[in-house]
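In: got a structure for you, letters missing:
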C-alpha cells in the first residue's frame, strides 16, 4: 500500500510539475469540468464550488409578508413616460434576493410585462428598495403591476 502511494505521488509530480513551472496549469480549477455551452460543471472540489457553498442560503418569503419589513422610504416604480403615452400596462414579476441586512443583493426578471420599458422601471426601483428587521436572508417573487385608470 505504501509502495503504491509512493509511486502514485512520484507519477503525479512528474506529470504536473512541468505544467506548474510553465504556468500552463491552473491548479485552483483543475478538477472543474466544462460543458459544450461553456458553463463550469463541478466534477470535483474546485474554487467555484467552494465559493458557491459559502454563499448565504435564502429562505423563501411571500410578497405580502415582505411588505411588513419594507422601509418607509421605498418608492414604487415611476411609470415611464413612453408607457403612459402609449397606454402600456402589464405586470413584471421580479425575483429579489435580500440579505439579512435588508439590502437587495440581486434582482432578476422572472416574467415580463410584455414591455421592456415597464420591466426596466420595475427592476430599477427594486434595486433601491431596503427592508428592516428581516430574521434571515430571503428570496421573494415580487409582482409589480403597471395599471392605468
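Out: Right, received. Where do you want to start? Remember, predicted model here, so these are calculated numbers, not experimental data. Residues are numbered from 1 along each chain as shown.

In: domains for this protein, by residue range?
Out: Here the domain assignment for the chain is 2-54, 59-146, based on automatic domain parsing.

In: comparing those domains, which yields the minimum mean pLDDT?
Out: Per-segment mean pLDDT for the domains of the chain reaches its minimum on domain 2-54, at a mean of 42.

In: gap between residue 119 and residue 112?
Out: Look at residue 119 and residue 112: by C-beta to C-beta, to the nearest Å, they are 5 Å apart. For every residue, glycine as well, the C-beta is placed using N, CA and C.

In: again, but for residue 86
Out: According to C-beta to C-beta, residue 86 and residue 112 sit 16 Å apart.

In: and if you look at residue 143?
Out: Where residue 112 is concerned, residue 143 sits at a distance of 12 Å (C-beta to C-beta).

In: now do the shared contacts for those two.
Out: Residues touching both residue 143 and residue 112 comprise residue 92, with contact defined as C-beta atoms under 8 Å, 6 or more residues apart in numbering.

In: residue 126 is in contact with residue 94, correct?
Out: Yes: counting by C-beta atoms under 8 Å, a contact exists between residue 94 and residue 126, whose distance comes to 5.4 Å.

In: ok, how many other residues are close to residue 63?
Out: Here the count is done by other C-beta atoms under 10 Å, and residue 63 has 14 residues near it.

In: that one and residue 75, how far apart?
Out: Using C-beta to C-beta, one gets 17 Å for the distance from residue 63 to residue 75.

In: residue 60 now?
Out: Computed with C-beta to C-beta, the distance linking residue 60 and residue 75 is 25 Å.

In: likewise for residue 114?
Out: As it turns out, when the distance is counted by C-beta to C-beta, residue 114 lies 23 Å from residue 75.

In: who has more neighbours out of the two?
Out: Under the neighbour definition other C-beta under 10 Å, residue 114 and residue 75 were set side by side, and residue 114 has more, 12 against 8.

In: surely that one forms part of a strand?
Out: No: when DSSP: H, G, I helix; E, B strand; the rest coil is applied, residue 114 is found to be coil, with no strand at that position.

In: for it, what are its contacts?
Out: Residue 114 is in contact with 88, 90, counting by C-beta under 8 Å, 6+ apart.
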